[in-house]
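In: sharing a model that was predicted from the sequence below.
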Amino acid sequence: MDKKTRLVVKVGSGLLANADRLTPRFAFMQRLMEDIARLRDEGYQVILCSSGAVALGLNAVGTRPEDAGVNDKQAAAAFGMPLLLNAYKQVGHEFGFEIAQVLLTLGDFEDHRRFLNTRNTVNRLLKSDIMPIVNENDSITTEEIRVGDNDRLAAKIAQMVEANHFIILTGVDGLYDRNPSDPEAKLVEELRDVSEYIDATKGTSTLGTGGMLTKLQAANMAQNSGCETYIANGEADYPLSSVLRGERKCTRCIAHEQPDTLWQTWLTDRLQMAGSLVLTEEAAATLGQGGPIHRRDVMSMDGEFSRGDVLHIYDRTGTELARGLSDFTAEETRTLINNKDFPADQLLGYQTHAEIIRHENMVMVEDRHLPWETPTPTENSQEAVG
Ligand code: GLU
């Protein structure tokens with residue numbers, strides 16, 4: 001392999017923690033790390049996104065997974081994280097390589113400066129041949145500012161490092177076309193459009209935070225950035241290389257042929273919104289043709305944003321059309337759109353082109369992007385552990 005191939009691996013809590021005793025599953029870790037060592041020898045650069053911190057800390061805080069509240073989980077994560085990393089460190093040494101911990105919060109992806117900073121850190125570790133182990137910093141994140149599940153956190157890492165492959169290891173063989181308890185259910189071995197299966201997958205796992213739905217959302221994000229994604233059972237010998245070599249059944253989500261750029265994915269796959277604009281019918285109809293958004297195009301606005309914040313752009317029916325960076329503060333934007341006939345320079349007191357969002361700072365939101373929000377589970381739920 002001449003150029004290093006980047007592989008992001010996500011491992012769910014159910015594989016790392018014994019379900020009854022909530023203790024580490026060292027045998028699984030050994031199988032995983034041995035396989036990673038082999039792939040590293042073959043020239044892969046591997047980044048591991050590992051869950052399990054909360055599950056491995058619950059005993060210490062005296063709570064069972066089904067009874068754990070937010071605060072219990074935050075305390076459990078603080079206890080479980082060093083335990084987990086220590087185990088990885090020791091097993092890594094057994095197979096001859098080093099690991100390092102990178103704990104992230106939502107802002108490390110959504111704030112562009114922090115995004116670049118995180119990317120530099122991960123790249124720097126890879127340059128020294130150290131495997132980054134990434135997790136959300138659960139102990140300090142609150143509901144509003146968290147990614148919430150490691151499936152999407154790992155997908156965001158895959159986008160960030162422009163990974164070639166992304167493997168989600170879980171407790172089932174992959175995605176089924178309906179609830180797997182149905183005897184007619186079949187494993188979906190290959191798919192392009194994850195949205196076809198969303199209804200069959202709603203549900204969450206008992207130990208981890210995600211379920212099959214968040215795995216599909218994660219796959220969608222990675223596919224759109226040109227990354228081949230696999231959802232596979234972790235309970236196998238050589239759990240990763242057997243998937244990459246096509247030696248066992250799993251769900252392969254084919255990468256999009258025309259992937260988004262890093263910049264496009266940064267704008268589209270995000271959770272926090274600083275503000276929004278609703279466009280006139282005419283402006284909405286011509287938005288995709290390549291111009292900027294002028295103040296005459298804006299019917300209404302919402303939010304208290306600053307210059308450079310991300311705005312969501314809607315048509316009058318509430319359909320999201322695009323996202324872009326605001327050239328003005330909310331106050332300036334309000335002044336401009338409420339006084340459309342006055343020269344912008346006079347209104348703001350400085351020379352300006354008065355484009356609310358410049359063309360080059362905007363990305364159209366295509367149908368192929370699934371929304372971030374997690375719909376509520378239904379009775380047809382399809383579970384996956386972690
Ligand atoms: N960050 C959580 C942990 O380490 C796991 C989140 C998830 O299961 O997706 O326990």
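Out: Alright, I've got the coordinates. Numbering: from 1, shown residues only.
In: state the number of residues packed around residue 123.
Out: Applying other Cβ atoms under 10 Å, we find 13 residues neighbouring residue 123. Where C-beta positions appear, they are placed from N, C-alpha and C, glycine not excepted.
In: my read is it is in a helix, agree?
Out: Yes: for residue 123, which was evaluated using DSSP: H, G, I helix; E, B strand; the rest coil, the result is membership in a helix.
In: can you pull the contacts of it?
Out: When the contact criterion is Cβ atoms under 8 Å, 6 or more residues apart in numbering, the partners of residue 123 are residue 161.
In: need the pLDDT of it.
Out: The predicted local confidence for residue 123 comes out at a pLDDT of 97.
In: again, but for residue 368
Out: The per-residue pLDDT of residue 368 was computed as 77.
In: for residue 381, same thing?
Out: The pLDDT attached to residue 381 in the predicted structure is 47.
In: again with the one 3 residues further on
Out: Predicted confidence (pLDDT) for residue 384: 50.
In: and what of residue 378?
Out: 44.
In: with residue 56 instead?
Out: The per-residue pLDDT of residue 56 was computed as 97.
In: model confidence over the lengthiest helix in the chain, on average?
Out: Selection of the longest helix in the chain by residue count, based on DSSP state H, yields helix 70-94. Rounded to a whole number, the mean pLDDT of helix 70-94 is 97.
In: list the buried ones in it?
Out: Of the residues in helix 70-94, 72-81, 83-85, 87-88, 91-92 count as buried by neighbour count, 16 or more other Cβ atoms under 10 Å.
In: next SSE downstream of it?
Out: Sequence order places strand 99-104 as the next helix or strand after helix 70-94, per DSSP states H and E.
In: is that following strand in proximity to the ligand?
Out: No: where contact is defined by Cβ under 6 Å from any ligand atom, no part of strand 99-104 touches the ligand; the two come within 9.5 Å at best.
In: state the next helix or strand along the chain beyond that strand.
Out: Sequence-wise, the next helix or strand beyond strand 99-104 is helix 107-110, with elements assigned using DSSP H and E.
In: in this protein, which helix or strand is least confident?
Out: helix 262-268 (a mean of 90; mean pLDDT, DSSP states H and E).
In: ok, and what's touching the next helix or strand after that helix?
Out: Moving toward the C-terminus from helix 262-268, the next helix or strand (DSSP H and E) is strand 275-279. Counting by Cβ under 8 Å, 6+ apart, the neighbours of strand 275-279 from elsewhere in the structure are 287, 293, 297-305, 309, 311-316, 321, 326, 330, 356-357.
In: after the helix or strand residue 6 falls within, next one along is what?
Out: Secondary structure assignment for residue 6, by DSSP H and E: strand 5-11. Counting by DSSP H and E, the element after strand 5-11 in chain order, helix or strand, is helix 13-16.
In: who are the packing partners of that following helix?
Out: Using 3 or more Cβ pairs under 8 Å, 6 or more residues apart in numbering; DSSP states H and E, the elements in contact with helix 13-16 are helix 26-41, helix 53-61, strand 165-170.
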